[in-house]
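# I would like the atomic coordinates for the input below:
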Amino acid sequence: MSNVGRVLVFLFLLNNLTLSAQGVPSKEHQIEAVFLFNFAQFVEWPAHALPKAEAPIIIGVLGKNVFGTFLNDVVANERVKDHPVIVKYYDTIDEITDCHILFINYTDIRQWDEIIPKLKGRSILTVGDANRDLKQRSMVRFFTKDDKIRFQIEPEAAKSAGLTISSKLLRLAENYNVN
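Numbering: from 1, shown residues only. Okay, the predicted model is just below:
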């Protein structure tokens, strides 16, 4: 089985894990961390976003780090299309210089309504939490349904940022339809 096939199987299995009632926050964020890494394998950035072959793919966390060391452990020594994957943590939107995937922890940010507009035109895949992301419209939103972590993708928002999301990932996503 190819690496892409293994990742798809892994994503499918991970997506169908049932969360235990006792450890929902910890388990939820562990699953989201694995999704963040796997999203990197199914998104293409424009050439200017990764100008050098050795340029790292940066997964950023804006606001409180809800992943502990788990996200760092997930990406440790990993590469995506020959690019190393690293994690950076940001307290404010103004700190973000280079970033490819940005998880936004809206619970910890005072001026959350300014985040998405400030990122407009930048090739950053934004990821948020459905409970906090109704107005922000991140490109990807996590939510819980039937005690399972799910995600939705807004392909037009990604396209307007110059990102191409693989149809394989789009097929795993649920409809992004928030009013």
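# so what pLDDT did Asn15 get?
pLDDT recorded at Asn15 is 49.
# quick one, what contacts Gly121?
By CB atoms under 8 Å, 6 or more residues apart in numbering, the contact set of Gly121 is Ala161. (Glycine included, C-beta is placed from N, CA and C.)
# just the element for it, please.
Following DSSP states H and E, there is no helix or strand that holds Gly121.
# what of Lys159?
Lys159 belongs to helix 155-160, assigned by DSSP H and E.
# now for that helix, which elements pack on it?
If contacts are counted by 3 or more CB pairs under 8 Å, 6 or more residues apart in numbering; DSSP states H and E, helix 155-160 sits against strand 164-165.
# and the contacts of the helix holding Lys159?
With contact meaning CB under 8 Å, 6+ apart, helix 155-160 is reached by Val43, Leu125, Thr126, Arg137, Ser138, Met139, Thr164, Ile165, Leu170, Tyr176.
# restricted to helices, list the residues you listed.
Those of those mapping onto helices are Leu170, per DSSP state H.
# and the contacts of helix 155-160, which are buried?
Among these, the ones that count as buried by 16 or more other CB atoms under 10 Å are Val43, Leu125, Thr126, Ser138, Met139, Ile165, Tyr176.
# save the residues you listed as TSV, and put in pLDDT too.
Listed next are the buried ones among the contacts of helix 155-160 as TSV, based on pLDDT from 0 to 100:
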residue	pLDDT
Val43	97
Leu125	97
Thr126	94
Ser138	85
Met139	91
Ile165	95
Tyr176	52
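# secondary structure element for the closest residue to Asn65 other than its chain neighbours?
Closest residue in space to Asn65, ignoring its immediate chain neighbours: Tyr89 at 5.6 Å, by CB to CB, 6 or more residues apart in numbering. According to DSSP H and E, Tyr89 maps onto strand 83-90.
# contacts for the helix or strand just after that strand, please.
Using DSSP H and E, the helix or strand that directly follows strand 83-90 along the chain is strand 101-104. If you take CB under 8 Å, 6+ apart as the criterion, strand 101-104 is touched by 32, 36, 39-40, 43, 57-63, 96, 112, 115, 119, 124-129, 133, 136, 138.
# rerun at 6 Å
Residues outside strand 101-104 that contact it (CB atoms under 6 Å, 6 or more residues apart in numbering) are Leu36, Phe39, Ile59, Gly60, Val61, Leu62, Ile115, Ile124, Leu125, Thr126, Val127, Gly128.
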